[in-house]
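Undergrad: here you go, sequence then predicted model.
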Amino acid sequence: MVGIDIGSHSVKAVLLSEQHGIFRMEAAALEPMPKGMIKDREIQDIEAVSRVIAKIRKHMPKNVKHAAVAISGASVITKVIYMDVSLSESELESQIEIEADSLIPYPLDEVSLDFEKLNVNKADPSKVDVLLSAARTEHIEVRSHAVMDGGFEPKVMDVESYALSRAGRLCFSQLPDDAEDKVVAFVDIGAQISLVSIVQGERALYTRDQVFGGEQFTNSIVTYYGKSFEESERDKVLGNLPPNYTFEVLAPFQTALLQQIRRSIQMFLNTSEKENVDYIVLSGGTALINGLDRLLIDELGIHTVIANPLKNMEVAAELDLDEINLIQPQLMIATGLALRSFSECHI
């Protein structure tokens with residue numbers, strides 16, 4: 001399946017293959033999204049978004065039809081519930097449907113839900129922890145229609161935070177050898193939304209998304225220098241800004257970003273038994289701001305790296321490796337979605 005990350009600034013897509021435990025990137029694409037097509041995490045114009053996805057379609061092999069896409073955490077309700085360990089998958093499904101009415105604050109006929117067994121409950125071995133995810137069906141259908149109109153068949157609807165942490169496991173090789181046992185925060189900073197997913201090994205411990213992203217940086221350039229949004233976005237990427245912009249625009253944005261990440265980590269620590277976060281992996285377009293990893297190391301005292309999910313991955317010869325390397329941090333969620341090709345799910 002092609003992993004398609006529909007963002008407010010761009011649509012990213014990744015296609016992977018796997019052989020003998022080695023992943024290979026077969027195709028990747030990034031196409032800009034017209035401004036205003038995604039607002040408050042929701043698609044505003046299905047036709048416009050499907051046209052962008054149709055451009056992505058041209059970069060993918062014609063024989064690959066299926067796609068994995070995601071909705072954001074704010075559109076999804078997730079709960080860990082406790083069920084009898086002896087129940088089969090079909091029995092679990094029946095039981096969850098009975099109990100979902102009291103767990104989900106929407107009429108069940110307006111909701112799509114799924115579940116996944118996690119681990120036997122530590123406190124009560126007769127119970128198993130089950131992750132329940134539910135979203136309003138209308139949110140799923142809008143994204144599904146955009147993908148179908150763009151030329152793909154949507155096969156999996158994932159949750160962005162899960163896709164991020166799934167791709168994040170490819171980045172453990174960038175961290176010290178003990179990373180598998182430590183608490184790792186994956187922080188994806190998009191144009192409008194920052195997404196935090198904190199894991200320890202295979203366990204997801206905490207997720208949070210908030211309205212904060214690279215557009216705040218761009219809007220500051222618009223305000224400060226009187227440029228259009230498009231000019232500001234271009235000059236931000238090219239570094240074509242006055243020398244004093246570092247103090248006038250960049251430093252205040254970095255301070256605000258630092259506060260957002262610090263607050264997310266503190267909220268996690270306040271609601272868990274963990275004492276600290278050991279490592280941070282930054283991704284998203286805003287992670288490309290020069291020196292952001294060093295800023296977090298200096299200010300938070302936490303070992304921080306910029307995501308490089310392709311570090312131990314083969315890349316198809318026809319792909320431009322230099323170009324792919326430039327956008328690697330932006331491909332994390334799309335990569336996590338593409339990895340669903342190799343994991344079991346209820347389809």
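TA: Received the coordinates, thanks. What you see is a predicted model, and the numbers here were worked out from it, not measured in a lab.
Undergrad: biggest helix in the chain, by residue count?
TA: When secondary structure is assigned using DSSP state H, the longest helix within the chain turns out to be helix 251-270.
Undergrad: what does that one contact?
TA: The contact list for helix 251-270 (C-beta atoms under 8 Å, 6 or more residues apart in numbering) reads 185, 187, 189, 194, 196, 198, 205-206, 208, 210, 212, 216-217, 220, 274-277, 280, 286, 289, 292, 295-296, 299-300. Any C-beta I mention is one placed from the backbone N, CA and C, and that applies to glycine too.
Undergrad: what are the buried residues along that helix?
TA: For helix 251-270, burial by neighbour count (16 or more other C-beta atoms under 10 Å) applies to 253-254, 257-258, 260-261, 264-265, 268-269.
Undergrad: show the average pLDDT along stretch 55-75.
TA: Throughout stretch 55-75, pLDDT has a mean value of 90.
Undergrad: export it as PDB, just CAs?
TA: Backbone C-alpha positions of stretch 55-75 (Å, rounded to 0.1, in the frame of the first residue of the first chain) are rendered in PDB as follows:
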ATOM      1  CA  LYS A  55      -0.500  14.300  -8.900                       C
ATOM      2  CA  ILE A  56       0.900  11.900  -6.300                       C
ATOM      3  CA  ARG A  57      -0.700   9.000  -8.300                       C
ATOM      4  CA  LYS A  58       1.600   9.800 -11.300                       C
ATOM      5  CA  HIS A  59       4.700   9.200  -9.200                       C
ATOM      6  CA  MET A  60       3.500   5.700  -8.100                       C
ATOM      7  CA  PRO A  61       3.600   2.400 -10.100                       C
ATOM      8  CA  LYS A  62       0.400   1.900 -12.000                       C
ATOM      9  CA  ASN A  63      -0.100  -1.600 -10.500                       C
ATOM     10  CA  VAL A  64      -0.200  -0.300  -6.900                       C
ATOM     11  CA  LYS A  65      -3.800   0.600  -6.200                       C
ATOM     12  CA  HIS A  66      -4.200   0.500  -2.400                       C
ATOM     13  CA  ALA A  67      -3.500   3.300   0.000                       C
ATOM     14  CA  ALA A  68      -3.200   3.700   3.700                       C
ATOM     15  CA  VAL A  69      -4.200   7.100   5.000                       C
ATOM     16  CA  ALA A  70      -4.800   8.600   8.500                       C
ATOM     17  CA  ILE A  71      -7.000  10.900  10.500                       C
ATOM     18  CA  SER A  72      -5.600  13.200  13.200                       C
ATOM     19  CA  GLY A  73      -5.800  12.400  16.900                       C
ATOM     20  CA  ALA A  74      -8.300  15.200  17.500                       C
ATOM     21  CA  SER A  75     -10.800  13.400  15.300                       C
END
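Undergrad: what about residue 31, neighbour count?
TA: Using other C-beta atoms under 10 Å as the criterion, residue 31 is surrounded by 17 other residues.
Undergrad: the one 5 residues further on now?
TA: Residue 36 has 10 neighbouring residues, counting by other C-beta under 10 Å.
Undergrad: now swap in residue 121 and tell me
TA: Residue 121 sits with 16 neighbouring residues when counted by other C-beta under 10 Å.
Undergrad: I'd say it and residue 127 touch.
TA: Yes: shown here, residue 121 and residue 127 form a contact pair, counting by C-beta atoms under 8 Å, at 4.1 Å.
Undergrad: can you give me the strands for the stretch 151-300 of the chain?
TA: With DSSP state E, counting those that start in this stretch as the criterion, the stretch 151-300 of the chain has strands at 153-159, 183-189, 193-200, 203-211, 279-283.
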